[in-house]
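Chemist: Sequence and computational prediction follow.
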Amino acid sequence: MKGLKDDRLNRILDGEEPFENLPRELLEDYRIYKEAMSIYRMRCEYIPSSRLMEKILKTRKRKKLILSFVLTGAITSFLLISLVLDILPISPSRTEVVQNQKPVVNEVINYIKTVEMVNDGW
């Protein structure tokens, strides 16, 4: 019964059947449908005020600013810790060690790098 009611309501909405002399159930369904469509149309056409847009953008800017401060602090602390603990190859003590190596050690390192390049397929 529900399928027949839906089919008939669709035919009425498409203009295939006349609107006059409809049963009360179909008129109620038609009224609910029109009300739902008007609410949906209002939601689609809604444009927020400029004050609301400014408020939203202000909160987003504040969150981005806080995030950038936190990330900057984290990166800075990581770099300082790496310099203190001598983890990264950019630390001054590592560059001095590489410069003070004996020629035999340099030849061995160059040989190992060449072997790695050949193994990787050049």
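Modeler: Sure thing, it's come through. Residues are numbered from 1 along each chain as shown.

Chemist: For the rest of this, base every contact and every neighbour count on C-alpha atoms.
Modeler: Will do.

Chemist: Off-centre distance for the longest helix anywhere in the chain?
Modeler: Scanning the chain for the longest helix, with DSSP state H as the assignment, gives helix 50-85. Relative to its parent chain, helix 50-85 has a centroid offset of 17 Å by CA atoms, centre = their mean, to the nearest Å.

Chemist: same check, this time on stretch 108-122
Modeler: That offset, for stretch 108-122, works out to 41 Å (CA atoms, centre = their mean).

Chemist: Against K34, how distant is the residue of the chain most remote from its centre?
Modeler: Centroid-distance maximum for the chain: N21 at 53.6 Å, with CA atoms, centre = their mean. The gap separating N21 from K34 is 18 Å, by CA to CA, to the nearest Å.

Chemist: Show me where the protein dips below the pLDDT cut-off.
Modeler: Scanning the chain for pLDDT under 70 picks out 1-6, 86-102, 120-122.

Chemist: can we see that at 90?
Modeler: By pLDDT under 90, the weakly predicted segments of the chain are 1-34, 36-50, 52-53, 55-57, 59, 78-122.
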